[in-house]
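[1] Quick one, what's the 3D model for this:
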Amino acid sequence: MIAIVAVIIVVLAGVYFFYSKISTPLKSERFLSSYNEALALNSIYGKEDEAIKKFEEALSLAPNAEASANITLMIAINLYIRNRGNDRVEAISLLKDIIKNSNLSVQRRAAALNGLALVVSNNGIDNEFVKKYLFNDEPYTGYFSQTNGDTWRATRRIFEEADKLYPSISSKTNIAFMLAVGIYDHGKAEPGISKENTARLIQKYIADSAVTPDDPSFSYTDISIKADIMTKKAVALGVSELILHNISQNDIEAAYKQAIDAADSDSSVLLSQIGIFARFNYAIYLADTFSNSRKNDILLLLQKIMSDDGSRYQNFYRHLGVIASYPNDSLLKIATIKLANLSPDFRAFLTRYGWSF
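    Presented below is the predicted three-dimensional model:
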């Protein structure tokens with residue numbers, strides 16, 4: 001049984017960026033110049049200060065309310081990722097303001113809902129923080145109540161609301177992914193729904209995402225977003241296949257390979273980290289499905305994971321240490337130990353991050 005890797009959620013801190021485009025006519029060359037400069041910075045991990053400054057400059061020149069909302073969304077995402085002082089509180093407030101503005105297009109408001117759910121889920125759900133600043137007013141208190149105070153499921157409700165307002169690849173893939181994590185992560189499964197029915201729902205969301213038109217507010221051709229969505233799709237399908245046994249294992253592997261290829265298409269830190277999460281999930285899928293018969297392939301994946309000095313994969317390496325403190329019945333911990341048993345080098349590598357065997 002696969003241990004769905006919640007690590008992809010927890011350690012994507014700082015590595016998911018929006019690449020949002022304005023589809024309205026641009027009245028000012030100065031605005032266009034500022035906006036494009038901000039977008040270029042937005043795609044570089046660690047450049048949040050510069051990106052925020054440029055987006056704020058563009059905001060002062062925005063030609064209309066839709067453009068202003070779009071740029072405000074971008075500022076909020078960068079604030080949440082920068083996470084300095086009161087940044088994340090401000091980010092949530094900015095996104096909520098966009099969402100509740102009924103004068104804006106449904107595409108823009110849905111984009112803000114997706115953005116709100118993404119920054120919270122992709123950067124690790126801090127239960128106390130989101131209770132205080134996200135699930136503190138309507139409609140968010142309603143999502144919190146509906147899920148009996150489960151912040152993971154309540155966050156997924158935000159994706160679901162975005163998908164109702166304006167269906168998108170992002171919302172559908174993230175819903176499927178969060179359902180998949182829920183199947184194997186203690187306390188996050190959907191009450192009253194069997195694993196089999198949850199797996200069917202996962203596959204429906206992924207199938208629907210394949211025929212959903214791109215949200216014009218986002219560029220899904222941006223490779224970082226594409227790689228992130230591909231990775232989540234592979235994980236979701238892999239989990240559902242192990243329950244329903246109705247998808248070719250070759251298709252699951254192809255999905256992982258496509259995600260890794262997308263992540264490897266550029267040498268940026270952002271894509272490197274997405275690629276490492278994809279490889280870790282893929283290694284676990286192979287170990288759980290084929291065990292020793294695919295040992296060589298698993299070792300190649302682990303070798304890549306161990307190849308960095310920590311500067312590019314530091315979030316991932318840090319969380320490997322956190323997994324060591326998980327209860328012994330944690331499926332993620334069991335899966336990591338299974339990989340360590342297949343690779344003495346990986347076992348030794350884990351000891352550098354707090355593991356003992």
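[2] what bits of the stretch 101-250 of the chain have low per-residue confidence?
    The stretch 101-250 of the chain contains residues with pLDDT under 70 at 123-124, 184-189, 213-222.
[3] The same query, at a cut-off of 80, please.
    Scanning the stretch 101-250 of the chain for pLDDT under 80 picks out 122-125, 184-190, 211-225.
[4] now the helices: where do they sit in it?
    Shown for the stretch 101-250 of the chain, the helices assigned by DSSP state H, counting those that start in this stretch span residues 106-122, 127-133, 140-146, 151-165, 169-184, 195-210, 223-244, 249-263.
[5] Now tabulate the ones you listed in CSV and tack on distance to Leu32 and mean neighbour count.
    From N, CA and C alone the C-beta is placed, and that goes for glycine too. Shown next, in CSV, are these (distance: least, Cβ to Cβ, whole Å; neighbours: other Cβ atoms under 10 Å):
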stretch, distance to Leu32, mean neighbour count
helix 106-122, 19, 24
helix 127-133, 34, 15
helix 140-146, 35, 17
helix 151-165, 28, 22
helix 169-184, 25, 26
helix 195-210, 31, 18
helix 223-244, 22, 24
helix 249-263, 28, 19
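[6] Just send the ones you listed back as a markdown table, with distance to Lys53 too.
    Listed next are the helices of the stretch 101-250 of the chain as a markdown table, based on distance: least, Cβ to Cβ, whole Å:
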| stretch | distance to Lys53 |
| --- | --- |
| helix 106-122 | 20 |
| helix 127-133 | 24 |
| helix 140-146 | 30 |
| helix 151-165 | 28 |
| helix 169-184 | 27 |
| helix 195-210 | 35 |
| helix 223-244 | 21 |
| helix 249-263 | 28 |
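[7] among these, which is nearest Ile77?
    Nearest to Ile77, of all the helices of the stretch 101-250 of the chain, is helix 106-122, at 5.9 Å by Cβ to Cβ.
[8] Next, the angle from the closest one to helix 223-244.
    Between helix 106-122 and helix 223-244, the angle comes out at 70 degrees (axes from the mean of the first three to the mean of the last three Cα atoms, to 10 degrees).
[9] Counting by contacts, list what helix 106-122 packs against.
    Contacts defined by 3 or more Cβ pairs under 8 Å, 6 or more residues apart in numbering; DSSP states H and E place helix 106-122 against helix 65-82, helix 87-99, helix 151-165, helix 169-184.
[10] closest to Leu286 out of those?
    Counting by Cβ to Cβ, Leu286 lies closest to helix 169-184 out of the helices and strands packed on helix 106-122; the figure is 16.6 Å.
[11] ok and that closest one relative to helix 223-244, angle-wise?
    Following the same axes, to 10 degrees, one obtains 40 degrees for the angle between helix 169-184 and helix 223-244.
[12] Contact partners for Ile337?
    Residues near Ile337 by Cβ atoms under 8 Å, 6 or more residues apart in numbering: Phe357.
[13] Could you list the buried residues of the helix or strand containing it?
    Here Ile337 sits within helix 331-342, counting by DSSP states H and E. For helix 331-342, burial by neighbour count (16 or more other Cβ atoms under 10 Å) applies to 331-333, 335-340, 342.
[14] I would like the C-alpha coordinates for it, written out in PDB, please.
    Below are the C-alpha coordinates for helix 331-342, written out as PDB (Å, rounded to 0.1, in the frame of the first residue of the first chain):
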ATOM      1  CA  LEU A 331       2.600   5.400   6.600                       C
ATOM      2  CA  LEU A 332       5.000   8.100   5.500                       C
ATOM      3  CA  LYS A 333       7.500   7.000   8.000                       C
ATOM      4  CA  ILE A 334       7.100   3.300   7.100                       C
ATOM      5  CA  ALA A 335       7.500   4.200   3.400                       C
ATOM      6  CA  THR A 336      10.700   6.100   4.100                       C
ATOM      7  CA  ILE A 337      12.100   3.200   6.100                       C
ATOM      8  CA  LYS A 338      11.300   0.900   3.200                       C
ATOM      9  CA  LEU A 339      13.400   3.100   0.900                       C
ATOM     10  CA  ALA A 340      16.200   3.100   3.500                       C
ATOM     11  CA  ASN A 341      16.100  -0.700   3.600                       C
ATOM     12  CA  LEU A 342      16.600  -0.800  -0.100                       C
END
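[15] which phi and psi does Trp355 have?
    phi -80, psi 150 (degrees, to the nearest 10).
[16] Wait, it touches Val322, no?
    No: assessed by Cβ atoms under 8 Å, Trp355 is found out of contact with Val322, at 10.8 Å.
[17] In terms of neighbours, single out the busier of the two.
    Trp355 (19 against 15; other Cβ atoms under 10 Å).
[18] Can you name the residues that contact that one?
    Contacts of Trp355 by Cβ under 8 Å, 6+ apart are 320-321, 324, 340, 347.
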